[in-house]
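Engineer: No sequence on hand, only this structure:
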DNA sequence: TACTATCAGATTGTGCACAATTTAATTGGG
DNA sequence: CCCAATTAAATTGTGCACAATCTGATAGTA
């Protein structure tokens, strides 16, 4: 015997695989819903942040989404190519790039308004259950980030 | 007004973002723990499946991990280059490729045995809480996959 | 036997993630 | 004022994910 059954890491028991797999399953669902709008799920996340608060820098976006410039720079460039956002150097600090919604980018908020409900429906969970799960998962992520 | 506050999709409220973010946070933790072993988290997942049941085809791996050949083919080739697995065409069906652990791949099971506990510790959650969360997240993923 | 359909992997192309490095602007200290 | 340190993005390189396509092997059927 190499290891006892109890200590062997089984795939089904690992919270990380569950999160990884669920995240990909949900993202796949978003992919279908977002395809008509011509944006990917990470691009949609950036747009959501901008819909909450427009004219935000790349690093502020990065803090919000926990993504670095290596991911965001090309992603935002694609959003700009698609005509959804505008990138401008901030005049008081030429290092910072401010990302602003174009009219087309702002208009996408309306067109995507039904998506969250469709996602909720796809989970088959009621709203309270989703909210409870969401807060626990968020707390777990915060713990893991803070544990290093 | 463009939309009511209630209908506006807020990032913090979205289960998908919570899962996506938590998955990345946990994977980052795995990355540190797996670095000494020279494997990535997806590669570790493949090895875990093989530790459970060796000599499995690429498509069976794909079913288990919900990944397609576009992801697995190059990943398994890297595992083979690293000397951790061996790829052999099945003699009774030359289409199928069987993935088998090399001695080095099998040996990694011992060396990685402490990782799950370290991950649990990083979450700060007790085992029952993790298990409860894990089963809910898994069920949610199954629902989402089945809803199309 | 040919002919078609199906199936298993591999390949191609796009878009994330992320580590590491680079470039340019700003800040702080002497 | 000058220069080192810091900061914000961008760039480079690697490795997933995944859609779409391709190649070759197998199965089924007239």
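Structural biologist: In hand now; what should we look at? Being a predicted model, the structure only gives us computed values, none of them experimental.
Engineer: Show me what from chain A comes close to DNA strand C.
Structural biologist: A:40-43, A:66-71, A:74-75, A:78, A:92-95 (Cβ under 7 Å from any atom of the strand). (Glycine included, C-beta is placed from N, CA and C.)
Engineer: Would you agree residue A:69 is in contact with residue A:62?
Structural biologist: Yes: in this structure residue A:69 lies within contact range of residue A:62 using Cβ atoms under 8 Å: 6.6 Å.
Engineer: which residues are in contact with both of the two?
Structural biologist: Between them, residue A:69 and residue A:62 share no contacting residue under Cβ atoms under 8 Å, 6 or more residues apart in numbering or on different chains.
Engineer: Restricted to strands, list the residues of chain A next to DNA strand C.
Structural biologist: Mapping those onto strands (DSSP state E) picks out A:93-95.
Engineer: Switch those over to CSV; also include neighbour count and pLDDT.
Structural biologist: Shown next, in CSV, are these (neighbours: other Cβ atoms under 10 Å in any protein chain shown; pLDDT from 0 to 100):
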residue, neighbour count, pLDDT
A:93, 10, 94
A:94, 8, 94
A:95, 8, 96
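Engineer: out of these, who's near DNA strand D?
Structural biologist: Among those, DNA strand D is touched by A:93, A:95 when using Cβ under 7 Å from any atom of the strand.
Engineer: could the ones in strands among the residues of chain A next to DNA strand C be laid out in CSV, adding distance to residue B:47?
Structural biologist: Shown next, in CSV, are these (distance: Cβ to Cβ, whole Å):
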residue, distance to residue B:47
A:93, 47
A:94, 48
A:95, 43
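Engineer: Out of the ones in strands among the residues of chain A next to DNA strand C, which is nearest to residue A:30?
Structural biologist: residue A:95 (32.9 Å; Cβ to Cβ).
Engineer: and the closest residue to residue A:80 other than its chain neighbours, helix, strand or coil?
Structural biologist: Using Cβ to Cβ, 6 or more residues apart in numbering or on different chains and skipping the chain neighbours, the partner closest in space to residue A:80 is residue A:87 (5.6 Å). Following DSSP: H, G, I helix; E, B strand; the rest coil, residue A:87 is assigned to strand.
Engineer: what bridges to residue A:87?
Structural biologist: residue A:99 (DSSP bridges).
Engineer: May I ask you to confirm that it is in contact with residue A:78?
Structural biologist: No: judged on Cβ under 8 Å, residue A:87 makes no contact with residue A:78 at a distance of 11.5 Å.
Engineer: Ignoring the adjacent residues along the chain, who's closest to the residue nearest to the spatial centre of chain A?
Structural biologist: Centroid-nearest residue in chain A, with Cα atoms, centre = their mean: residue A:45, separated by 4.3 Å. Among residues not flanking residue A:45 along the chain, residue A:65 sits closest, at 5.7 Å (Cβ to Cβ, 6+ apart).
Engineer: Now do the strands in chain A.
Structural biologist: A:56-57, A:85-90, A:93-101.
Engineer: Any idea which of those gets closest to residue A:49?
Structural biologist: strand A:56-57 (6.6 Å).
Engineer: Does anything pack onto the closest one? Which helices or strands?
Structural biologist: Secondary-structure packing of strand A:56-57 (3 or more Cβ pairs under 8 Å, 6 or more residues apart in numbering or on different chains; DSSP states H and E): strand A:93-101.
Engineer: residue in chain A nearest to DNA strand C?
Structural biologist: Nearest to DNA strand C, among the residues of chain A, is residue A:70, at 2.7 Å (Cβ to the nearest atom of the strand).
Engineer: So which bits of chain A are right by DNA strand D?
Structural biologist: A:20, A:24, A:27-28, A:31, A:57-60, A:62, A:68-70, A:72-74, A:76-77, A:87, A:93, A:95-98.
Engineer: again, only using 6 Å
Structural biologist: A:24, A:27-28, A:57-59, A:69-70, A:73, A:76, A:87, A:95-97 (Cβ under 6 Å from any atom of the strand).
Engineer: between those residues, which is closest to residue B:124?
Structural biologist: Distances from residue B:124 to these, taken by Cβ to Cβ, are shortest for residue A:24, at 24.9 Å.
Engineer: Now the closest one: closest residue in space that isn't a chain neighbour?
Structural biologist: Nearest one to residue A:24, counting by Cβ to Cβ, 6+ apart, is residue B:66 at 6.8 Å.
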